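Below are the sequence and a predicted model; questions follow.
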Amino acid sequence: MMSQPLPRRKKLPDEAIATMIRQTAVKPLDRQKKIMEGLQRNNDKYKNDPYAKEFGISLSGTMTKLTGRILDPPSIEYRDNGKDKNIVNINKTNPGKWFQDKNTYLNGADVSNWAVLDMAQLNDGQYKEVVQGFVTVGKENGIKFGGVDKVMKVRVSMKDMDEALATIEDHLVRIGHHFQAVGSKLDFVLIIFAFKAGSLYDKIKHLGDMKLNVSTQCCLKANLYKGGNLSKQVVANVCMKINSKLGGINHVLSKGCRPNILKRPVMIMGADVSHPAPECRSFKPSIAAVVASVEPKAVNYEVQVRIQDMGLESNEEVIKDMKDVTRNLLLKFFEKNNGRKPEKIVMFRDGCSEGQFLTVLAKELMAMREACMELEEGYQPPITYLVVQKRHHTRFFPSDTNKYRNGNALAGTVVDQGINHPTEGDFYLLSHEGIQGTSRPCHYQVLWDDNNMTADELEVLAYYLCHLYSRCSRSVSYPTPTYYAHLVADRARKHHNELIELAQFDCGSSSGYSAGSGKITESERRKIKEVVERGIEKPMYFV
């Protein structure tokens, strides 16, 4: 592993990345040992170095001892069914996850009309088992799936990938027409893949999100049939995604533990900028995504996407059109809350390096303020602006018993003294249970705070927001709005790539497109930008 060369200007295939992560994941105690050995080697060099001796430079041979604390986890609320207890308390000695048990989603979706697009050649028995599995597990969790007789089945082969890519649109259109003909509206399509197929997945998402306006859920046959039988756990996990996509709410923070800031109208925002791969920088732009909560539970988010051509020259982090983005999101909040405006705004900003803090703060914060003023004179809600960083080399190794069996620090571990900036408000928060390798804490930098929140309030808010990720019943490593912004940017990149491919296919060589260069006409580029930025009607489509 030490001397293995890596492609420097090329993205590794997804499977190679997964294998690499598994191979390079080092358990906490082993990593600690490696770090100490490296430190020892460096120290020995310094001890015998004449220049270091002359200047009186010496290195400590031990790790820094810090005092951290562990935040209490929140309790999670599900639907109140009258007889069962609908509040789940997270185990304080083993935080980071909880079990739904017999609780049902707070707000379950109704899936009367759905279709299965079988690309994995399931036999009749398996097909019935999958449909019945979704109906049964959905019922247990609070989703009303239409029975086997309500489901339309379409079988397609994946053996010839070119043919599958060419015909997938016809199949999805046929499914839509079938339900229209009987006077029903198609709720969603379940697509079962025989194997991972990135290009086909991208095409399906583009068609479902942008062209046909239908919710799609893809899954692998191998995952559904883990261990030979249909896995109820996998079906339940897929149901969580389906419910969110169809406008349902899986779980929320219980009323008793909801942070004070969420008790008044507040807009929680998340922002991320996705940059093109190095080899595509000359013809692919950067994509900025901003999400904002529009209800008091901070579970459902509205989305704004912007194409930024700055990626052509350099990876500039600033979101150029922040004023318009904030304005649109405020209007959506206003609309969803019967004319109420947010009294406070909290922004969690991802993907921003230290050298860009001041630039990003100056431009984006001012743009957000201008957007508020433009909507109503004198409207100036206090704004708290935090940057969330995960690309750093800080690791925590617990020296007491507050750790998981694998040696990782417990979820909720927060360090806000000892290794922090002397004047700027910042803290490290580990909010997830590290299953593989050594957990990496999130570094939160408070760049601006009009709300005068205490360190404790900010830490609790950030930690509790990590429990609202709708894809799983676990606390994730960074706050839900930031995670969602990342997913939106990722999906927008897929849509953008698909639209560029279609434009190239339509243009042929006459418009200046030469194979492999990705060139398209300026009018096509503008049209694509317009289509991607117009957004997608369905809320939470990116989950």
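Arrived safely.

C-alpha only now, for contacts and for neighbours.
Fine.

Now do the SS call for Thr423.
Using DSSP: H, G, I helix; E, B strand; the rest coil, the structure places Thr423 in coil.

Contact partners for Arg155?
Applying CA atoms under 8 Å, 6 or more residues apart in numbering to Arg155 gives the contacts Leu117, Asp118, Met119, Gln121.

How far off centre is the helix or strand of the chain with the lowest mean pLDDT?
Lowest on mean pLDDT, DSSP states H and E among the helices and strands of the chain sits helix 14-24, with a mean of 84. Offset of helix 14-24 from its chain centre (CA atoms, centre = their mean, to the nearest Å): 20 Å.

can you check stretch 364-384 too?
27 Å.

same question, stretch 172-184
With CA atoms, centre = their mean, you get 32 Å for stretch 172-184.

ok, now stretch 267-281?
12 Å.

give the contact list for Asn223.
Ser231, Val234.

One more pass at 6 Å, please.
Listed by CA atoms under 6 Å, 6 or more residues apart in numbering, the contact set of Asn223 is empty.

if we can go back for a sec, quick check: buried residues in the least confident helix or strand of the chain?
By neighbour count with 16 or more other CA atoms under 10 Å, helix 14-24 contains no buried residues.

Check stretch 79-96 too.
Judged by neighbour count using 16+ other CA under 10 Å, the buried positions of stretch 79-96 are Arg79, Asn86, Ile87, Val88, Ile90, Asn94, Pro95, Gly96.

Pull out the CA atoms of the least confident helix or strand of the chain and give them to me as PDB.
The C-alpha coordinates for helix 14-24 follow below in PDB (Å, rounded to 0.1, in the frame of the first residue of the first chain):
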ATOM      1  CA  ASP A  14     -16.500   3.600  -7.300                       C
ATOM      2  CA  GLU A  15     -15.700   0.000  -6.700                       C
ATOM      3  CA  ALA A  16     -12.000   0.800  -6.500                       C
ATOM      4  CA  ILE A  17     -12.700   3.600  -4.000                       C
ATOM      5  CA  ALA A  18     -14.800   1.200  -1.800                       C
ATOM      6  CA  THR A  19     -12.100  -1.400  -1.800                       C
ATOM      7  CA  MET A  20      -9.400   1.200  -1.100                       C
ATOM      8  CA  ILE A  21     -11.400   2.500   1.900                       C
ATOM      9  CA  ARG A  22     -11.900  -1.000   3.300                       C
ATOM     10  CA  GLN A  23      -8.200  -1.700   2.900                       C
ATOM     11  CA  THR A  24      -7.000   1.500   4.400                       C
END
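
does Val446 sit in a helix or strand, and which one?
Assigned by DSSP states H and E, Val446 falls within strand 442-449.

what separates the helix or strand following the least confident helix or strand of the chain from the chain centre, distance-wise?
Sequence-wise, the next helix or strand downstream of helix 14-24 (DSSP H and E) is helix 28-47. Distance, stretch centre to chain centre, for helix 28-47: 35 Å (CA atoms, centre = their mean).

again, but for stretch 473-485
6 Å.

what mean pLDDT does that stretch have?
Predicted confidence along stretch 473-485 averages 96 (mean pLDDT).

okay, how far is it across it, tip to tip?
The first and final residues of stretch 473-485 sit 20 Å from each other (CA to CA, to the nearest Å).

any residues touching that stretch, and which ones?
96-98, 270-272, 289-291, 431-432, 462, 465-467, 469.

before we move on, the earlier item: taking the buried residues of stretch 79-96, tell me the two that lie furthest apart.
Pairwise distances across these peak at 24.1 Å for Arg79 and Asn94 (criterion: CA to CA).

what about the strands in the stretch 51-200 of the chain?
For the stretch 51-200 of the chain, the strands defined by DSSP state E, counting those that start in this stretch occupy 69-70, 75-77, 87-89, 110-111, 114-119, 144-145, 151-155, 188-193.

And the contacts of the fourth one?
Outside of strand 110-111, the residues within contact range by CA under 6 Å, 6+ apart are Ile143, Lys144, Phe145, Asp187.

Throw those residues into JSON lines and include pLDDT and distance to Ile242, thanks.
Shown next, in JSON lines, are these (pLDDT from 0 to 100; distance: CA to CA, whole Å):
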{"residue": "Ile143", "pLDDT": "95", "distance to Ile242": "9"}
{"residue": "Lys144", "pLDDT": "93", "distance to Ile242": "11"}
{"residue": "Phe145", "pLDDT": "93", "distance to Ile242": "11"}
{"residue": "Asp187", "pLDDT": "93", "distance to Ile242": "10"}
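
rewinding a little: closest to Glu15 out of the strands of the stretch 51-200 of the chain?
Among the strands of the stretch 51-200 of the chain, strand 188-193 comes nearest to Glu15, with 16.0 Å by CA to CA.

Specify which member of the buried residues of stretch 79-96 is nearest to Glu498.
Using CA to CA, Gly96 is the member of these that lies nearest Glu498, at 37.1 Å.

just checking, the closest one touches Ile435?
No. The criterion here is CA atoms under 6 Å, and Gly96 misses it with Ile435 at 10.6 Å.

With neighbour count added, can I get the contacts of Arg155 in JSON lines?
Compiled in JSON lines, the contacts of Arg155 are given as follows (neighbours: other CA atoms under 10 Å):
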{"residue": "Leu117", "neighbour count": "22"}
{"residue": "Asp118", "neighbour count": "21"}
{"residue": "Met119", "neighbour count": "20"}
{"residue": "Gln121", "neighbour count": "17"}
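
Tell me where the stretch 151-300 of the chain has helices.
Ranges of helices in the stretch 151-300 of the chain, per DSSP state H, counting those that start in this stretch, are 161-181, 198-206, 221-224, 232-245.

tell me the most buried of those helices?
The highest average neighbour count among the helices of the stretch 151-300 of the chain, using mean count of other CA atoms under 10 Å, belongs to helix 232-245 at a mean of 20.

Quick check, pLDDT for Pro422.
The model's pLDDT for Pro422 equals 85.

again but with Gly518, I slipped
On pLDDT, Gly518 comes in at 56.

again with Arg9
pLDDT at Arg9 comes out at 64.

what do you get for the one 4 residues further on?
Reading off the confidence values, Pro13 has pLDDT 80.

Over to Glu313?
For Glu313, the model assigns a pLDDT of 58.

circling back to that earlier point, among the contacts of strand 110-111, which one is most surrounded by other residues?
Neighbours here mean other CA atoms under 10 Å. Within these, the largest count is held by Ile143, at 25 neighbours.

Can you name the residues that contact that residue?
By CA under 6 Å, 6+ apart, the neighbours of Ile143 are Gly108, Ala109, Asp110.

rerun that using 10 Å as the cut-off
The contact partners of Ile143, taken as CA atoms under 10 Å, 6 or more residues apart in numbering, are 104-105, 107-112, 134-137, 239-240, 242-243, 248.

go on, Leu465?
74, 252-253, 258-259, 268, 298-299, 431, 475-476, 478-482.

Most neighbours out of those, which is it?
Highest neighbour count within the contacts of Leu465: Ser431, with 33 neighbours (other CA under 10 Å).

ok, and the closest non-adjacent residue to that one?
Ala411 (4.5 Å; CA to CA, 6 or more residues apart in numbering).
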